[in-house]
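Undergrad: coords please:
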Amino acid sequence: MKSRSLLALLLGISITLGFAAQAHAYAPLGHEIVGAIADERLANTPTAVKIRALIGNLSLEKAALLADMIKGWDKKGADNPKSFRVASPKIDQQLRDFWRANQPMHNMHSTAPSHHWFHYTDVPVMPAQNYGDGTAGRSKWDIVHMIPYCVEVLRGRRPEQNERKITKPVALILLAHYVADIHQPLHVGAQYFDAQGRVADPNKDQSALADEGGNTFTLELSDEPPSTRGIRKKKFHAFWDYDAVNALFPQVPIRVRKREFQAQIAPLKKQLVRELATHEPTSWRMPANIDITNYAEAWANEILPIAREAHERLDFTNVHPRQEKGRVVAAGEANEKPQPDQISYRAWAASVVREKLHKAGWRLADLLEKTL
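TA: Numbering: from 1, shown residues only. The predicted structure is shown next:
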């Protein structure tokens, strides 16, 4: 089962020999930035009062992490006495009910969805298309559908006693996470390949295999630091969830102990959030004639060209079918292509991430203001 989070990005932690590998260590950072921007935008407003009535003292910065944190229940179940608690007892119980109603599974045709599916959609990046132009890679349980689902719960147009067990507090918590996820290019677009490893159009070739938003490909960049014993090659998707966010803070060493990283990043993150929250991003508003239940599709359409470029800047090699947890996927290697503008993949991705986190923070605040 795919495990996606932003730019997820986002909770997984991998520590080798006491050090945090950049590609797997600080995944919550992107989500915290988006939630913190929204917190600042909504401070001392009627919307902030309504948010507090739903989730108490939980900030959007911290609420934005919970949709990934509950993945920690997947192995032993939400009822296991040793399963961790994520929030207040009331919210914790509602999140556990949500997890039970949407337990992880590998059968993509199941009538009851997995909560993992809610974080992404796999629209083909080739040929160029919008979300509404086809059906391949989309589902009624993908992020484009789940964002308006949560909006409708918060608006009272969908009852809280729904099959998905998404109450108003849970809907708010999920939106704090999903709005960031849909601004991560590889949460929206995927490349598809045929059995011979050639790029294929799944709308024409139903046997085409997806790269699962880059989760099944390793990534090699031209500016990669020297390999260190115990540090494995990063995944293409993980780069966007973690490295591209960390690249916003070049002052922090690439590999540093977790506690040191947190100490160094805290004031830098606060400074970045303040800057992004007080400077309006360009072209972030949706047209006035679009209902908020259609925002998610509009955002996906905006991100899809970026997802396509994220793939076009790479060479995909050794592409082959691979059996993975009851399904067949495309796997292989992705290598950075030299670019005419000589801008590295990492630098380009960092600029994209900064822009999308900026927009996502303002859009989260705007969506909650209009919804509540």
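
Undergrad: which SSE is residue 318 in?
TA: Under DSSP states H and E, the secondary-structure element containing residue 318 is strand 314-324.

Undergrad: Could you report the neighbour count for residue 335?
TA: One way to gauge burial is a neighbour count; for residue 335, by other Cβ atoms under 10 Å, it gives 15. Yep, even glycine has a C-beta here, placed from its N, CA and C like the rest.

Undergrad: how about it, what does it touch?
TA: Residue 335 sits next to 219, 220, 314, 315, 317 when contact means Cβ atoms under 8 Å, 6 or more residues apart in numbering.

Undergrad: Show me which of those residues are buried.
TA: Burial by neighbour count, 16 or more other Cβ atoms under 10 Å: within the contacts of residue 335 this picks out 219, 220, 314.

Undergrad: just curious, which of these is nearest to residue 188?
TA: Nearest to residue 188 out of the buried ones among the contacts of residue 335 is residue 314 (Cβ to Cβ; 16.7 Å).

Undergrad: Am I right that the closest one is in contact with residue 332?
TA: No: the pair residue 314 and residue 332 does not pass the contact test of Cβ atoms under 8 Å, sitting 10.7 Å apart.

Undergrad: so where do the strands sit in the stretch 201-350 of the chain?
TA: Shown for the stretch 201-350 of the chain, the strands assigned by DSSP state E, counting those that start in this stretch span residues 209-210, 217-220, 314-324, 327-336.

Undergrad: Out of these, flag the one nearest residue 31.
TA: strand 217-220 (21.3 Å).

Undergrad: average model confidence for the closest one?
TA: Rounded to a whole number, the mean pLDDT of strand 217-220 is 96.

Undergrad: What values do phi and psi take at residue 35?
TA: Dihedral angles phi and psi of residue 35 (degrees, to the nearest 10) take the values phi -60, psi -40.

Undergrad: now it: how far from residue 346?
TA: Here residue 35 is placed at a distance of 25 Å from residue 346 (Cβ to Cβ, to the nearest Å).

Undergrad: Would you agree residue 70 falls within a strand?
TA: No: Residue 70: not assigned to a strand; according to DSSP: H, G, I helix; E, B strand; the rest coil it is helix.

Undergrad: Identify the residues contacting it.
TA: Residues touching residue 70, when contacts are defined by Cβ under 8 Å, 6+ apart, comprise 78, 86, 95, 98, 99, 115.

Undergrad: what do you get if the cut-off is 10 Å, keeping everything else the same?
TA: Shown here is residue 70, whose contacts under the criterion Cβ atoms under 10 Å, 6 or more residues apart in numbering are 11, 78, 83-84, 86, 92, 95-96, 98-99, 102, 115, 173.

Undergrad: which of the residues you listed lies closest to residue 281?
TA: For the contacts of residue 70, the minimum distance to residue 281 (Cβ to Cβ) is 23.9 Å, reached by residue 173.

Undergrad: just checking, the closest one touches residue 59?
TA: No: if you go by Cβ atoms under 10 Å, residue 173 and residue 59 don't touch, sitting 11.3 Å apart.

Undergrad: Can you mark which positions in the longest helix along the chain are buried?
TA: Among the segments of the chain that qualify as a helix by DSSP state H, the longest is helix 345-371. For helix 345-371, the buried set under the neighbour-count rule, 16+ other Cβ under 10 Å, comprises 345-346, 348-350, 352-369, 371.

Undergrad: How many neighbouring residues does residue 196 have?
TA: By the measure other Cβ under 10 Å, the count of residues near residue 196 is 9.

Undergrad: how about it, what does it touch?
TA: Remark: with contacts taken as Cβ under 10 Å, 6+ apart, residue 196 is in contact with 319, 320, 321.

Undergrad: so where's the protein shaky on pLDDT?
TA: The model of the chain has pLDDT under 70 over residues 1-27, 108, 225-232.

Undergrad: Quickly note the distance from residue 322 to residue 197.
TA: 11 Å.

Undergrad: Among those two, which residue is more densely surrounded?
TA: Neighbour count, other Cβ under 10 Å: between residue 322 and residue 197, residue 197 has more, with 17 against 13.

Undergrad: tell me the contacts of the more buried one?
TA: Residues in contact with residue 197, defined by Cβ under 10 Å, 6+ apart, are 209, 316, 317, 318, 319, 320, 321, 330, 331, 332.

Undergrad: nearest spatial neighbour of the fifth one, skipping sequence neighbours?
TA: By the measure of Cβ to Cβ, 6 or more residues apart in numbering, the closest residue to residue 319 outside its immediate chain neighbours is residue 197, 3.3 Å from it.

Undergrad: Same question for the last one.
TA: Excluding its sequence neighbours, the residue lying closest to residue 332 (Cβ to Cβ, 6+ apart) is residue 319, at 3.9 Å.

Undergrad: Now do the phi/psi pair for residue 123.
TA: When read as degrees, to the nearest 10, the backbone of residue 123 gives phi -70, psi 130.

Undergrad: give the contact list for it.
TA: Counting by Cβ under 10 Å, 6+ apart, residue 123 touches 129-138, 142, 144, 188-190, 202, 213, 300-301, 303-304, 307-308.

Undergrad: Between its first and last residues, what's the separation in stretch 39-52?
TA: End-to-end distance for stretch 39-52, by Cα to Cα, to the nearest Å: 11 Å.

Undergrad: tell me which residues in stretch 134-147 are buried?
TA: Buried positions in stretch 134-147, judged by neighbour count with 16+ other Cβ under 10 Å: 134, 136, 137, 138, 141, 142, 143, 144, 145, 146, 147.

Undergrad: now it: how far from the chain's centre is it?
TA: For stretch 134-147, the gap between its own C-alpha mean and the chain's C-alpha mean amounts to 15 Å (Cα atoms, centre = their mean, to the nearest Å).
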